[in-house]
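Undergrad: Below is the sequence, then the predicted model.
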Amino acid sequence: RLIVGPNRTREAYLDMLNQARESIRIIDHKLSDPSVLALLARKVRSGVDVHVVGRERSGAQPHGKLLIVDGRSAVIGSVALSPAGLDRRRELGLVVSDQTAVDLLMDYFDQVRPAERRLSVPAAAARWCEAI
């Protein structure tokens, strides 16, 4: 399945994030969309384990974006969770549900996640949590 932006990109990503019951893993150095940050904050408060690799990562910054929900489904591509990425830019996301492929993406996420900072939410989302 493909998500081709900007048509339905926001809806597709928010639907996927809303389905999370256990965990959310994100690689996106442009994560800044207020509705996504608010949703992540709600998920954290409801007990969902949320980890984000973004700007704070030391070393090379990943260009591709990755979203993994509950270790069962993923989206990999160029869609940034920013207002422009979700609403205006021509971006592409590939939905992955094959468990072997999702497991490989989880392994990749664990390799790039900074070991010294196991974030529940990114710093911007933490500030958002305090505001809502």
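TA: Here it is on my side, so go on.
Undergrad: mind listing what's buried in the lengthiest helix in the chain?
TA: In the chain, taking DSSP state H as the definition, the longest helix is helix 99-112. Across helix 99-112, burial judged by 16 or more other Cβ atoms under 10 Å covers 102, 105, 106, 108, 109. Every residue, glycine included, has its C-beta placed from N, CA and C.
Undergrad: Contacts made by it with the rest, please.
TA: Residues from elsewhere that reach helix 99-112 (Cβ atoms under 8 Å, 6 or more residues apart in numbering): 25, 27, 51, 53, 57, 62, 66, 68, 71-74, 76, 96.
Undergrad: Out of those, which one has the weakest pLDDT?
TA: Taken together, the contacts of helix 99-112 show their lowest pLDDT at residue 57, with 52.
Undergrad: picking that back up, for the buried residues of helix 99-112, which one is nearest residue 5?
TA: Using Cβ to Cβ, residue 105 is the member of the buried residues of helix 99-112 that sits closest to residue 5, with 20.3 Å.
Undergrad: what's the pLDDT at the closest one?
TA: For residue 105, pLDDT reads 95.
Undergrad: Just the CA coordinates for the longest helix of the chain, please, in PDB.
TA: Output of helix 99-112 as PDB, limited to C-alpha atoms (Å, rounded to 0.1, in the frame of the first residue of the first chain):
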ATOM      1  CA  GLN A  99       6.100  -9.200  10.100                       C
ATOM      2  CA  THR A 100       9.600 -10.200   8.900                       C
ATOM      3  CA  ALA A 101      10.000  -6.800   7.300                       C
ATOM      4  CA  VAL A 102       8.600  -5.000  10.300                       C
ATOM      5  CA  ASP A 103      10.900  -6.900  12.600                       C
ATOM      6  CA  LEU A 104      13.900  -5.700  10.500                       C
ATOM      7  CA  LEU A 105      12.700  -2.100  10.700                       C
ATOM      8  CA  MET A 106      12.400  -2.500  14.500                       C
ATOM      9  CA  ASP A 107      16.000  -3.700  14.600                       C
ATOM     10  CA  TYR A 108      17.000  -0.700  12.500                       C
ATOM     11  CA  PHE A 109      15.200   1.600  14.800                       C
ATOM     12  CA  ASP A 110      16.900   0.100  17.900                       C
ATOM     13  CA  GLN A 111      20.300   0.600  16.200                       C
ATOM     14  CA  VAL A 112      19.800   4.300  15.500                       C
END
